[in-house]
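*Asks:* sequence-free structure coming up:
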């Protein structure tokens, strides 16, 4: 296709992505380098019968004018990145020199909002992704062995947890694990502890969120693997059987290697989606015990005095995280592409 | 392969059946439970006395005189004006899907037919964009949108959703167009069509399966979105999902969680219908990107 035609075909789509994905990223970086204006203070002297008093007040009008003139705020360089809410370098070095055990150091670091969020986000990504792949494969193998008549309805039900809005899915589970809900009551009964609540401790909240993540993720892995299973060549399986491979060996040495690219695909999509975990934390009202990078940003943006600079700094750091996550994939694709060209 | 060699040992059949059964229960039960419970009163759905109350509606019978009640739905749809949110969602979803698909088919077709290196790089860039958490983009929008008075309007949200949707739409349609043989449009061009005419008269008639599948996913993205709609729309233009989230803030105080439960069930119903009719397309769409690697 000539360059010219290509350009006109791609233009609307490229323009949309440029304006609403690339520019916002630039805007985020710009915002993160600025902070809100300081309020302009005026000192006035009030003289009454008992002498004069000096009082300081905020000059609302002048502050608003300044805000209008430069909506971004004043330039702050990388200041926001290193403050307590983000990388907190000063606090970290204080914690490093102030504590003598690793445990003490970590518990201090975990009290800093950014690291707390980062820890949860990474933990969520690292725990949920492999579990989704494993259980998704297990369900796919199971459904593959079902009689034909049952396959359709099973797939229909299996799709539900993925298709349903994440916020709604997490709300539904949240109501069920409520201390008065059916699962909450059930757990209290099983562990014989009437005070048991999944919302109380950070550990239990984290486990609940991980469970939700797996529940939400399995359908996707399942469908992809199930479709992959349909394309595994029968001849190879038969050959393996003739050579005396057991069922497990056939799965291990034929099916799994054959589906290699699918694992990479599911892992990639899951990593991207789990890294931006957001709705479940809102749905489970778990902000007190678990925060992710996304909820940190959301918290900064919400309300009347939104802190754009802080949100922007966290956003930039998140984008850097995504970039690190994607680098291996991009390098691999780059190599494949070059090989194809040569 | 003979049937005998395919037969599995009994314990294996047992294990895999139990596994599938367990998964089905885990996947379906929460929805059935919530659907059932949405017709009860709060005292049953969150029963302090006995969980069986939720099944038989003991308190519902005492409070309303019947074992089922539509009070939650009435409260959500009429009193809390959920219908307004449902209308806003329909408008936003409809236009997002239409515009996404229009831009996406043009772009995806171009990417599938161009053999140049930059087409590959555009796809890679789209992949990177696809990975961006939406909230980081939203934090980029807010300040400029406030400055230019674009904040809060439905069209703004539609345009933003279309843009966020583009990377995915491009990838998916690109892989669908790769499956349509090149000869088709090239022979039309040999016959004297321009590239656009070839696209319009030869490709458009055969592209519908791919477009419908992609449209389903665009629909899901727009319908399920919370991040963008919660932060970019004002109170009056709010859509269903942020509305449900806002129910939680206000209703728990009044003891009316049932409004939220009813709203949740109402918002899930269209998705149910969607899977019912388009199961095959959804499955093929999920795998389209994967099988081609």
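*Replies:* Arrived safely. Just so it is clear, the structure is predicted and the values come from calculations on it, not from any experiment.
*Asks:* can you list phi and psi of residue A:112 for me?
*Replies:* The phi/psi pair for residue A:112 (degrees, to the nearest 10) reads phi -80, psi 130.
*Asks:* with adjacent residues omitted, what lies nearest to residue A:52?
*Replies:* Residue nearest to residue A:52 in three dimensions, not counting chain neighbours: residue A:45, with 5.3 Å by CB to CB, 6 or more residues apart in numbering or on different chains. C-beta: built from backbone N, CA, C; applies to glycine.
*Asks:* count of neighbours near whichever residue of the stretch 1-150 of chain B sits closest to chain A?
*Replies:* Going by CB to the nearest CB, chain A is nearest to residue B:140 of the stretch 1-150 of chain B, at 2.9 Å. When neighbours are defined as other CB atoms under 10 Å in any protein chain shown, residue B:140 has 29 of them.
*Asks:* you'd agree it is in a strand?
*Replies:* No - under DSSP: H, G, I helix; E, B strand; the rest coil, residue B:140 falls outside any strand and is assigned helix.
*Asks:* isn't it up against residue A:23?
*Replies:* Yes - counting by CB atoms under 8 Å, residue B:140 does reach residue A:23; the two are 7.4 Å apart.
*Asks:* thinking again about what came up before, any idea how far the residue nearest to residue A:52 is from residue A:53?
*Replies:* When distance is defined by CB to CB, to the nearest Å, residue A:45 is 7 Å away from residue A:53.
*Asks:* and residue B:293, what's its pLDDT?
*Replies:* Model confidence at residue B:293, given as pLDDT, is 41.
*Asks:* enumerate every residue touching the residue nearest to residue B:34 when sequence neighbours are not counted.
*Replies:* With sequence-adjacent residues excluded and distances taken as CB to CB, 6+ apart, residue B:34 is closest to residue A:172, at 4.9 Å. Contact analysis of residue A:172 by CB atoms under 8 Å, 6 or more residues apart in numbering or on different chains lists A:164, B:30-31, B:34, B:264.
*Asks:* residue B:40 too?
*Replies:* Neighbouring residues of residue B:40 by CB under 8 Å, 6+ apart: B:54, B:57, B:59-60, B:68-69, B:258.
*Asks:* of these, which ones also sit close to chain A?
*Replies:* For chain A, the contacts drawn from the contacts of residue B:40 by CB under 8 Å from any CB of the partner chain are residue B:54.
*Asks:* secondary structure and pLDDT for the contacts of residue B:40 - can I get that in JSON lines?
*Replies:* Formatted as JSON lines, the contacts of residue B:40 follow (DSSP: H, G, I helix; E, B strand; the rest coil; pLDDT from 0 to 100):
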{"residue": "B:54", "secondary structure": "helix", "pLDDT": "72"}
{"residue": "B:57", "secondary structure": "coil", "pLDDT": "73"}
{"residue": "B:59", "secondary structure": "helix", "pLDDT": "74"}
{"residue": "B:60", "secondary structure": "helix", "pLDDT": "74"}
{"residue": "B:68", "secondary structure": "coil", "pLDDT": "79"}
{"residue": "B:69", "secondary structure": "coil", "pLDDT": "80"}
{"residue": "B:258", "secondary structure": "helix", "pLDDT": "82"}
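*Asks:* which residue is the nearest non-sequential neighbour of residue B:141?
*Replies:* Nearest non-adjacent residue to residue B:141, counting by CB to CB, 6+ apart: residue A:24, 5.6 Å away.
*Asks:* now the one you found: how far from residue A:312?
*Replies:* Distance of residue A:24 to residue A:312, given as CB to CB: 10 Å.
*Asks:* same check on residue A:257?
*Replies:* 45 Å.
*Asks:* more neighbours: which of those two?
*Replies:* Just comparing residue A:257 and residue A:312: by other CB under 10 Å the higher neighbour count belongs to residue A:312, 27 against 10.
*Asks:* hang on, that one packs against residue A:35?
*Replies:* No - counting by CB under 8 Å, residue A:312 sits too far from residue A:35 to count as a contact (10.1 Å).
*Asks:* about what we covered before: thought the residue nearest to residue B:141 was touching residue B:140?
*Replies:* Yes - between residue A:24 and residue B:140 there is a contact under CB under 8 Å: 2.9 Å.
*Asks:* where does chain A dip in pLDDT?
*Replies:* Along chain A, the model assigns pLDDT under 70 to residues A:304, A:340-342.
*Asks:* near chain B, which residues of the stretch 1-150 of chain A are found?
*Replies:* Within the stretch 1-150 of chain A, the positions lying close to chain B (CB under 8 Å from any CB) are A:1, A:3, A:5-6, A:9-10, A:12-14, A:16-17, A:19-28, A:31, A:71-72, A:135, A:138-139, A:141-143, A:145-146.
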